[in-house]
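S.K.: Have a look; sequence and predicted model below, questions after that.
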Amino acid sequence: MLRDADFARFEVAPLTGVLGAEIRGGDLAGDDDPATVADVRRALDRHLVLAIRDQRLDPQSLHRLARRFGPFSGNPVHTPLPGLDDIVAFVREPGDGDAVVGDHWHMDLAWMEKPPAIVMLYGETIPPVGGDTCFASLVQACHALSPGMRRLLRGLTGVHSARGVYAVNARAGRLGLSADRDRLDVVEARHPVICEQPGTGRSYLLVNPVISRFDALPEAESRPILDHLLATALRPEFTCRVRWAQGTLLLWNNPLVLHTAIDDYRGYRRVTYRTTVEGWTQIAAAA
Ligand code: SIN
């Protein structure tokens, strides 16, 4: 198995040639050293998706760990656990027939002024098979743009709309919603289409299915371009698939990837806890 030699504190093994890594050999909850968090951040900047195996967390310790990565981003959609306003439980019972949360390609809370920088999802109860999470790299999608498309997109802003987000989440029966449907449906944020990550300077294509249009173009002209960009982002060679195990802590660099849950584990219980770390105002890439 290939190991990323730049990490000594724990083993970092890339999942594919371009996206994701698996980490073994660390105990994040039991390790207070700030250098450990700094190394996880460094691995996340490089691989964008980290499946950190064999962690022992519960909602309280996930909360404590997450806040070492930064303040809570806020979550205007889901009802949090009592006493922990930054932790949401996603629970699916064996007999449930309604929708699985997040079973479509998306970016979490992309319509916020500052979409979360990091999403953390901890697997407490995991089906023996199924329920994987898939990711697509928006960094690779950006590399794949032709010079002409890059020229067209440079300077454009995407209008990210929360319209329909309430309805999608309401399909998952057990998920408590704290949002007011009418208020959420009119929320929008504008982000540059080609962005630059602060700190690394990496360019990425900030697209996802909640973009209703580009600000300078009507919907009818925006749609075919968006469809093309999403198809580019979802090319198989730009994706990875994470297979869960109990005790896996999954972290992803939210604005730089798309993700989807897979609805293929009916008859099994799955319980995960999610929290998010505050992001940044998206910055247009210089070139
Ligand atoms: C999500 O979309 O945030 C949930 C992903 C999952 O449960 O696999």
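M.R.: Received it, and whenever you're ready, just let me know what you need.
S.K.: which residue does the protein bring closest to the ligand?
M.R.: Closest residue of the chain to the ligand, CB to the nearest ligand atom: residue 102 (2.3 Å). All C-beta atoms are positioned from the backbone trio N, CA, C, and that covers glycine.
S.K.: so what's that residue up against?
M.R.: By CB atoms under 8 Å, 6 or more residues apart in numbering, the contact list for residue 102 reads 259, 260, 261.
S.K.: near the ligand, from those residues?
M.R.: 259, 261 (CB under 6 Å from any ligand atom).
S.K.: Kindly reformat the contacts of residue 102 as TSV and extend each row with secondary structure and neighbour count.
M.R.: Output for those, formatted as TSV (DSSP: H, G, I helix; E, B strand; the rest coil; neighbours: other CB atoms under 10 Å):
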residue	secondary structure	neighbour count
259	strand	24
260	strand	19
261	strand	23
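S.K.: returning to what we had before: sticking with the residue of the chain closest to the ligand, tell me its helix or strand.
M.R.: Using DSSP states H and E, residue 102 sits in no helix or strand.
S.K.: For the closest residue to residue 192 other than its chain neighbours, report the pLDDT, please.
M.R.: In space, not counting the residues next to it along the chain, residue 192 is nearest to residue 284; the distance is 3.7 Å by CB to CB, 6 or more residues apart in numbering. On pLDDT, residue 284 comes in at 97.
S.K.: Residue 122 touches residue 271, doesn't it?
M.R.: No. Applying CB atoms under 8 Å, one finds residue 122 not in contact with residue 271, separated by 9.3 Å.
S.K.: the more surrounded of those two?
M.R.: Higher neighbour count among residue 122 and residue 271: residue 122, with 26 against 15, using other CB atoms under 10 Å.
S.K.: Can you name the residues of this protein that neighbour the ligand?
M.R.: Neighbours of the ligand within the chain, by CB under 6 Å from any ligand atom: 90, 101, 102, 108, 133, 259, 261, 272, 274.
S.K.: Could you find the closest non-adjacent residue to the fifth one?
M.R.: Spatial nearest neighbour of residue 133, excluding adjacent residues (CB to CB, 6+ apart): residue 242 at 5.0 Å.
S.K.: Give the ranges of residues in the stretch 101-250 of the chain that sit below the confidence cut-off.
M.R.: Along the stretch 101-250 of the chain, the model assigns pLDDT under 70 to no residue.
S.K.: can you map out the helices along it?
M.R.: 138-143, 147-153, 165-170, 181-185, 219-233 (DSSP state H, counting those that start in this stretch).
S.K.: what's the most buried one of these?
M.R.: By mean neighbour count, with neighbours taken as mean count of other CB atoms under 10 Å, helix 138-143 ranks first of the helices of the stretch 101-250 of the chain at a mean of 22.
S.K.: List of residues touching that one?
M.R.: Here helix 138-143 has contacts from 18-19, 48, 194, 202-207, 229, 232-233, 235, 237-238, 255-258, using CB under 8 Å, 6+ apart.
S.K.: Buried residues of the helix or strand hosting residue 66, list them for me.
M.R.: Using DSSP H and E, residue 66 maps to helix 59-69. Neighbour counts over helix 59-69 (16 or more other CB atoms under 10 Å) mark 59, 62, 63, 65, 66, 69 as buried.
S.K.: One more: stretch 16-33?
M.R.: Buried residues in stretch 16-33, counted by 16+ other CB under 10 Å: 16, 18, 19, 20, 21, 22, 23, 26, 28, 29.
S.K.: distance between that stretch and the chain's centre?
M.R.: Centroid separation between stretch 16-33 and its chain, computed with CA atoms, centre = their mean, to the nearest Å, is 17 Å.
S.K.: who touches that stretch?
M.R.: Around stretch 16-33, the neighbours that count as contacts under CB under 8 Å, 6+ apart are 4, 9-15, 36, 40, 43, 46-57, 61, 64-65, 135-137, 140, 237-240, 242, 249, 257.
S.K.: so what's the residue nearest to residue 230 when sequence neighbours are not counted up against?
M.R.: Residue nearest to residue 230 in three dimensions, not counting chain neighbours: residue 207, with 6.0 Å by CB to CB, 6+ apart. For residue 207, the contact set (CB under 8 Å, 6+ apart) comprises 138, 141, 158, 193, 226, 229, 230, 233.
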